[in-house]
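1. Provided below are the primary sequence and the corresponding predicted coordinates.
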Amino acid sequence: MEIKTKAMGLVEIQDEQIIELVDGFYGFEEFHKYALLDSGKEPFFWVQSLDDQNLAFIVIDPFLFRPDYELDIDDELLKPIEAESPKDLLVFALVTIPPAGSPITANLQGPLIINKKNKKAFQAVLNDGKWNTKHDILAELNAAGRN
């Protein structure tokens, strides 16, 4: 299947790349179908809306820069995506790339949770106070000795 993307123009995708956000992203609840795309710039990925070519998010695996990242998600929240085990889940943090001179940040308070088996997903909200919406990715990579 060929899709129009915000950043890469026309891209060929496979069915395995399509994910369904059961409730959409916060602020974009009307959009449910997305494709998970390799950005070509590790360690980032694109989550591209299939309904609106101008709607896309950059995401990153939060465990790359925060090995201590923990998710305390109620089992009830996992029911809509039919997850049976933590092994079934992929976790991504949404990334903000601000104007030059400001740090690139990741939202660890509102991660994207994907069930690998059925490609259903949702955006969680972690209320434990440990994580926030603006973790400096490069500073945390340096602190973790991974940069």
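-> Alright, I've got the coordinates.

2. C-alpha only now, for contacts and for neighbours.
-> Will do.

3. Report pLDDT for D72.
-> On the pLDDT scale, D72 is placed at 83.

4. What of E82?
-> Reading off the model, E82 has pLDDT 94.

5. wait, isn't it in contact with N115?
-> Yes: judged on C-alpha atoms under 8 Å, E82 makes contact with N115 at a distance of 7.5 Å.

6. and those two? which has more neighbours close in?
-> Set side by side, E82 and N115 show more neighbours around N115, with 23 against 17, by other C-alpha atoms under 10 Å.

7. My read is that that one contacts F122, right?
-> No: under the criterion of C-alpha under 8 Å, N115 makes no contact with F122, lying 9.1 Å away.

8. which residues do these two both contact?
-> Listed as contacting both N115 and F122 by C-alpha atoms under 8 Å, 6 or more residues apart in numbering are I81.

9. mind listing the strands for this protein?
-> In the chain, the strands defined using DSSP state E lie at 2-5, 9-12, 18-21, 33-38, 44-49, 56-60, 89-96, 105-115, 120-123, 135-136.

10. Where does pLDDT dip in the protein?
-> For the chain, the stretches flagged by pLDDT under 70 are 144-147.

11. Check it for its longest helix and report it.
-> If each helix of the chain is counted by residues according to DSSP state H, the longest one is helix 137-143.

12. the residue most distant from the middle of this structure, which is it?
-> Distance to the chain centre peaks in the chain at G101, reaching 23.8 Å (criterion: C-alpha atoms, centre = their mean).

13. Tell me what the spatially most central residue of the chain is bridged to.
-> Residue closest to the average C-alpha location in the chain (C-alpha atoms, centre = their mean): F92, at 3.6 Å. Bridge pairing for F92 (DSSP bridges) gives the partners L112.

14. so it touches R66, yeah?
-> No: with contacts counted by C-alpha under 8 Å, F92 stays clear of R66, the gap being 11.8 Å.

15. thinking again about what came up before, tabulate the CA atom coordinates of the longest helix of the chain in PDB.
-> What follows is helix 137-143, C-alpha atoms only, in PDB (Å, rounded to 0.1, in the frame of the first residue of the first chain):
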ATOM      1  CA  ILE A 137      17.000  13.100  25.200                       C
ATOM      2  CA  LEU A 138      20.600  14.000  24.600                       C
ATOM      3  CA  ALA A 139      21.300  14.900  28.200                       C
ATOM      4  CA  GLU A 140      19.800  11.600  29.300                       C
ATOM      5  CA  LEU A 141      21.700   9.600  26.700                       C
ATOM      6  CA  ASN A 142      24.900  11.200  28.000                       C
ATOM      7  CA  ALA A 143      24.000  10.500  31.600                       C
END
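
16. Many thanks, I have nothing further to ask.
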